[in-house]
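Asks: any chance you can model this:
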Amino acid sequence: MQDKIVLITGGSKGIGRACVMEFLNEGYTVVDASRTNVPVNNPNYNYRETDVSSEESIKRLFDFVIEKFGRLDVLINNAGISKFANLSDSLTEDFDAMFAVNVRGVYLCARYALKLMIPQNSGDIINIASIAGKTAIQTASIYCATKHAVMAISKTLMLEVRKHNIRVAAICPGSVDTDFFNQPGSILNSERSSILSPADVSAACMLIVKSPVRALINEIELRPTNPKKI
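Replies: Sure, this is the predicted structure:
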């Protein structure tokens, strides 16, 4: 497994950090593309400071991957941000920031990853979307819009690249115990101990990449089994 390369955006905390540890434990070489460096004592861990909304930053990231590894087996588009407010109280700068990271970041990373995956005729792209990408949530109209966009990109890209033996999947978690619910205006109606953990989502990522190459899991909707209402 040492030759398997996974690139994870936003790997410094939450779901991204769980994915970093999950894939390291499975013997993958991990590239963590994040704004913050949280070191891992593992020779297969590689940190690259990255702003996923910047094409120049993404170009540098993939130049590193190409130069050091020459291939990419898995891309996990996890980086995302959230700001909560009723639409009437929302800020244009928050709108722009969420679309820049949550949508533009997914687009840029997938586009550059395909420059490697199409020639090698293989690869997995996993986009961390959200239940918010399939429904509506009060105080989260803009965040929901970004995740609906991620779902649209995922479904369309899957149709475009499956002929190259590249699998594209979207994971739509329900409530996950991360900093997401520490944001002002966020709404959590369940006890944190009863909702999903980041490791539950990283396990779903591993399920996707471990599936037989002839099998494409294009979407996983992941919810807490029995969330305890507050």
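Asks: nearest residue to the middle of this protein?
Replies: Taking CA atoms, centre = their mean, the centroid of the chain lies closest to Asn78, which sits 1.9 Å from it.
Asks: residue contacts, that residue?
Replies: 8-11, 15-16, 19, 128 (CB atoms under 8 Å, 6 or more residues apart in numbering). (Each C-beta comes from the backbone N, C-alpha and C, glycine too.)
Asks: same check, this time on Gly16
Replies: Listed by CB under 8 Å, 6+ apart, the contact set of Gly16 reads 8-10, 32, 34, 76, 78-79.
Asks: and with 7 Å instead?
Replies: For Gly16, the contact set (CB atoms under 7 Å, 6 or more residues apart in numbering) comprises 8-10, 34, 78.
Asks: ok, the contacts of Asn78 vs Asn25, which is closest?
Replies: For the contacts of Asn78, the residue nearest Asn25 by CB to CB is Cys19; the value is 10.7 Å.
Asks: which residues touch the closest one?
Replies: By CB under 7 Å, 6+ apart, the contact list for Cys19 reads 8, 11, 76, 78, 202, 205.
Asks: can you confirm it is in a helix?
Replies: Yes. Assessed by DSSP: H, G, I helix; E, B strand; the rest coil, Cys19 belongs to a helix.
Asks: what about Arg214, distance to Asn165?
Replies: 9 Å (CB to CB, to the nearest Å).
Asks: the two: which has the busier surroundings?
Replies: The residue with more neighbours, out of Arg214 and Asn165, is Asn165; 15 against 6, by other CB atoms under 10 Å.
Asks: tell me which helix or strand comes right after the lengthiest strand in the chain.
Replies: Ranked by residue count and defined by DSSP state E, the top strand of the chain is strand 166-173. Counting by DSSP states H and E, the next helix or strand C-terminal to strand 166-173 is helix 198-210.
Asks: which residues touch that following helix?
Replies: Residues contacting helix 198-210 (CB under 7 Å, 6+ apart): 14-15, 17-19, 22, 26, 74, 76, 124, 126, 128, 169, 171, 173, 176, 178, 217, 220, 222.
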